[in-house]
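Student: Here you go, sequence then predicted model.
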Amino acid sequence: MKSGSLALLIPILLLTSCGTQQNRTPALGQAYVGPTILNMHEDLNPKSPVTATAHHGEHLDILEYKRRFIKVRTAGGISGWTDIRQLLTPEQMSELQDMAKQAAQYPSQGIATTFESLNVHTEPSRQSPGFLQVPEGGKLEIIGHKLVPRTTPVSAPSQVHPPPRAKTVRRRSKEKNSTKIPPPPMPQPPKPPANWQALSKSGPGTDAAPKDAPKPGIPVPQDDWSLVRASDGKVGWVLTRMLNMAIPDDVAQYAEGHRITSYFPMGDVNDDGQIKHNWLWTTIRKGGVPYEFDNFRFFIWSKRHHRYETAYINRDVMGHYPVEANTTGSDPSFTLILEDDDGHLWRKKYVFNGYRVNLVQTEAYAPPKKESAPALAVADNRAIGTQSQSWYVNAKRWLSGLFQR
């Protein structure tokens with residue numbers, strides 16, 4: 001190519017690129033991809049052709065907003081429509097990253113496996129995006145727990161109770177020669193007792209129930225959520241009922257139908273060349289309570305009977321995460337956070353000396369005040385009435401603020 005032609009081509013390319021930048025729609029805001037894979041569509045219809053695919057954490061520009069759908073643009077300049085519930089605000093993305101960094105310091109409460117393919121959510125909410133998918137049988141570390149009121153979509157009144165049908169009244173044909181027999185006379189009412197005036201009086205010693213006694217409210221169903229840590233360090237929330245603690249079956253058989261909430265190997269036992277472990281576990285009878293366990297038990301392997309036996313058990317407690325175990329010293333030890341009947345928290349340390357478990361230390365425990373420590377958030381579980389608004393409401397409010405600027 002000649003130098004003169006090259007000199008003419010360069011200005012043309014510069015003008016073309018400048019025109020492309022000028023025609024580029026300015027962004028109204030910034031967002032990040034929430035789920036593992038996000039498909040963006042050509043229009044609002046979810047069945048419309050897919051224009052682009054983005055992955056969790058990718059940056060997107062917000063271009064337009066209609067109801068709960070939002071038009072975004074990728075870093076490559078491709079735009080498409082998606083649901084607002086699939087996006088994260090910059091603040092939520094920063095909080096998710098900070099939570100993953102802080103969770104690296106949280107002690108593991110045991111390894112759990114999934115019953116089926118499971119989505120890990122950004123928040124303990126069914127409506128929050130699932131940014132990580134764990135396959136069936138996948139393993140996750142349990143590091144926290146939270147009790148959250150279950151949110152269910154409200155149906156239209158016509159869908160809940162269909163309108164009643166008009167009753168059709170059938171008229172019976174009157175018989176020509178029918179004779180009506182009058183009913184028997186009403187019996188005389190019983191006479192009141194002689195002391196009826198004294199009985200009608202109500203005083204401080206009477207057992208009459210107050211007229212305006214408050215009716216008990218309908219209990220709100222609760223969901224147990226577990227804070228989990230994946231092998232790559234990502235941290236998120238899953239429904240607790242979808243997990244199964246991966247403790248060996250020869251120990252899990254003693255659970256008696258209770259759910260195991262944490263477990264720890266507490267030392268090895270050599271039984272004729274076969275290595276067995278002593279175990280500590282915590283269990284709970286049923287979920288939906290603002291604590292993590294109501295029973296803890298210490299198992300030892302008996303070389304005489306070749307089976308597990310109970311060295312220590314404590315029932316009917318109110319225990320909170322985290323449970324910590326230490327096997328570095330000569331005598332294994334573990335610490336528990338237990339709540340008494342007055343609501344006070346106590347940190348108790350137990351030591352296993354090879355034969356029995358002894359309580360060696362008790363001290364008052366104060367949970368961290370910082371809300372960004374979900375693994376240690378005992379106070380959050382004990383104050384369920386003050387729950388934050390749903391993720392969808394917060395995201396919609398954030399997006400509406402972009403258009404008011």
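Tutor: Received the coordinates, thanks. Keep in mind that what you see is a predicted model, and the values were worked out from it rather than measured.
Student: Could you point out which residue ranges in this protein have low pLDDT?
Tutor: Scanning the chain for pLDDT under 70 picks out 1-23, 152-179, 201-217, 369-405.
Student: Check it for its longest strand and report it.
Tutor: Secondary structure of the chain read by DSSP state E shows that its longest strand is strand 307-326.
Student: Output that one as PDB, nothing but the C-alphas.
Tutor: Presented in PDB, the C-alpha positions along strand 307-326 are these (Å, rounded to 0.1, in the frame of the first residue of the first chain):
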ATOM      1  CA  ARG A 307     -17.300 -50.200  68.900                       C
ATOM      2  CA  TYR A 308     -18.100 -46.600  69.800                       C
ATOM      3  CA  GLU A 309     -19.200 -45.800  73.300                       C
ATOM      4  CA  THR A 310     -20.300 -42.500  74.900                       C
ATOM      5  CA  ALA A 311     -17.800 -40.900  77.300                       C
ATOM      6  CA  TYR A 312     -19.800 -37.700  77.900                       C
ATOM      7  CA  ILE A 313     -23.200 -36.400  76.900                       C
ATOM      8  CA  ASN A 314     -25.200 -33.300  77.800                       C
ATOM      9  CA  ARG A 315     -28.800 -32.900  76.800                       C
ATOM     10  CA  ASP A 316     -31.300 -30.000  76.800                       C
ATOM     11  CA  VAL A 317     -28.900 -27.200  76.200                       C
ATOM     12  CA  MET A 318     -29.000 -24.100  74.000                       C
ATOM     13  CA  GLY A 319     -25.700 -24.000  72.100                       C
ATOM     14  CA  HIS A 320     -24.500 -21.600  69.500                       C
ATOM     15  CA  TYR A 321     -21.800 -21.600  66.900                       C
ATOM     16  CA  PRO A 322     -18.800 -21.600  66.800                       C
ATOM     17  CA  VAL A 323     -17.800 -25.000  68.300                       C
ATOM     18  CA  GLU A 324     -14.000 -25.200  68.500                       C
ATOM     19  CA  ALA A 325     -11.800 -28.300  69.000                       C
ATOM     20  CA  ASN A 326      -8.100 -28.500  69.700                       C
END
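Student: So which bits of it are buried?
Tutor: For strand 307-326, a neighbour-count test (16 or more other C-beta atoms under 10 Å) marks 308, 311-312, 314, 317-325 as buried. C-beta here means a position set from N, CA and C on the backbone, and glycine is covered the same way.
Student: Show the subsequent helix or strand relative to that strand.
Tutor: Note on strand 307-326: by DSSP states H and E, the next helix or strand toward the C-terminus is strand 333-339.
Student: Do you have the helices of the stretch 1-150 of the chain handy? List them.
Tutor: Secondary structure of the stretch 1-150 of the chain, counting by DSSP state H, counting those that start in this stretch: helices at 3-23, 90-103.
Student: Please apply the same query to the stretch 251-400 of the chain.
Tutor: Counting by DSSP H, counting those that start in this stretch, the stretch 251-400 of the chain forms helices over residues 378-382, 391-403, given from the N-terminal end onward.
Student: residue contacts, residue 345?
Tutor: The neighbourhood of residue 345, defined by C-beta atoms under 8 Å, 6 or more residues apart in numbering, consists of 320, 337-339, 364-367, 378.
Student: Quick check: the gap between it and residue 289.
Tutor: Shown here: residue 345 relative to residue 289, a distance of 16 Å by C-beta to C-beta, to the nearest Å.
Student: Also residue 24?
Tutor: Where residue 289 is concerned, residue 24 sits at a distance of 54 Å (C-beta to C-beta).
Student: cool, residue 337 as well?
Tutor: Distance, residue 337 to residue 289, using C-beta to C-beta: 15 Å.
Student: ditto for residue 260
Tutor: Residue 260 sits 15 Å away from residue 289, taking C-beta to C-beta as the criterion.
Student: same thing with residue 113?
Tutor: Separation of residue 113 from residue 289 (C-beta to C-beta) stands at 24 Å.
Student: Kindly report the same for residue 187.
Tutor: Residue 187 sits 56 Å away from residue 289, going by C-beta to C-beta.
Student: which of those two has more neighbours?
Tutor: Here residue 187 and residue 289 are set side by side on neighbour count (other C-beta atoms under 10 Å), and the busier one is residue 289, at 15 against 6.
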